[in-house]
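Colleague: sequence and predicted structure, then a few things I'm wondering about:
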Amino acid sequence: MKKVLLIIGIGVGLVVLSPFLLLGVYALDFVYYGANDDKAEKAALEYLEEKYSERFEINDVEYNKILGDDEGDYTLTVHPVANPDITFGVDTSEKYQVIRDSYKENNWSEQFRKEMIPLIEPIFKGTGEFYVYGSFPSEIEEQYRIEDSYQTIYNENSHQSYERIHILNFDDIFNKEKEFQLIYQLWESVKDRKFNDNNIEIDYYPNALKEKLKTYPDLNEFENEHRQEMTYTCRFSKQETQEKPITTPGDIEAFCRQM
């Protein structure tokens, strides 16, 4: 009887401990692979320099593994030495083999941003922070080299681009009619571009938040930390305006809401 109880006791103990053992193995993976970040960095740099014939620097590297998966991967943030304004992602397996990189896409998106910012800034007169992105379907991107410009791809692939303008506006004095006029002016400036679809989003925050931040983080990071402080938002796309046309500044209100 004692032997039976002992066996049962060991079995119950293993059932209780097994989740902790699994978490322990999972944690060891992070310790081991985290200590080998430099190997992932080396693999990524060698891959990029061979592929694009230029030098790059690593901004950040993270090891990720979903609980239950056999293998994890590294996510690296990288920039070309010649142009630090372009940051992009590189995904590398835990065996230090590069899976993909987004250099071309982010390079073209940065070119589109430089094209749009001179159009946006005079309208909003420096009261906000501007995030602008442009992209094409992957099958089109694959046809072009890093040396090809966004404008070239845009001209040769009419109505294929996906464009996004996201503005963070910081102002304690919120004049709805004035803001609708500005948003309408922005829409009038871009609506006739030959894109597949676009998205315009303007989010309003108190000026005190701008003063507290001093500098702005990545847009996703900003939204994760401060979205609950938003006071008002307006968002629409070309497809949505097919059903609700924007022909006057007053039409903008249909796409806005108080937070």
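Modeller: All right, it came through fine.
Colleague: does the residue nearest to the spatial centre of the chain count as helix, strand or coil?
Modeller: Centroid-nearest residue in the chain, with CA atoms, centre = their mean: Asn220, separated by 6.2 Å. At Asn220 the chain is in helix, as set by DSSP: H, G, I helix; E, B strand; the rest coil.
Colleague: again, but for Gln181
Modeller: Going by three-state DSSP: Gln181 is helix.
Colleague: Ser158 now?
Modeller: Ser158 is classified as coil under three-state DSSP.
Colleague: got the contact list for it?
Modeller: With contact taken as CB atoms under 8 Å, 6 or more residues apart in numbering, Ser158 is in contact with Lys194. For every residue, glycine as well, the C-beta is placed using N, CA and C.
Colleague: and what of Asn169?
Modeller: 124, 127-128, 179, 202-205.
Colleague: and it, what element?
Modeller: Here Asn169, judged by DSSP states H and E, is contained in strand 161-170.
Colleague: could you give the mean pLDDT of that strand?
Modeller: Computed over strand 161-170, the mean pLDDT rounds to 94.
Colleague: tell me which strands it pairs with, and in which orientation.
Modeller: With DSSP bridges as the test, strand 161-170 is paired with strand 128-135 (antiparallel), strand 195-205 (parallel).
Colleague: just after the shortest one, pick out the following helix or strand.
Modeller: Toward the C-terminus, strand 128-135 is succeeded by helix 138-141 as the next helix or strand (DSSP H and E).
Colleague: which regions of the stretch 51-200 of the chain sit below the pLDDT cut-off?
Modeller: Applying pLDDT under 70 to the stretch 51-200 of the chain flags residues 66-70, 126-127.
Colleague: all good on my end, thank you.
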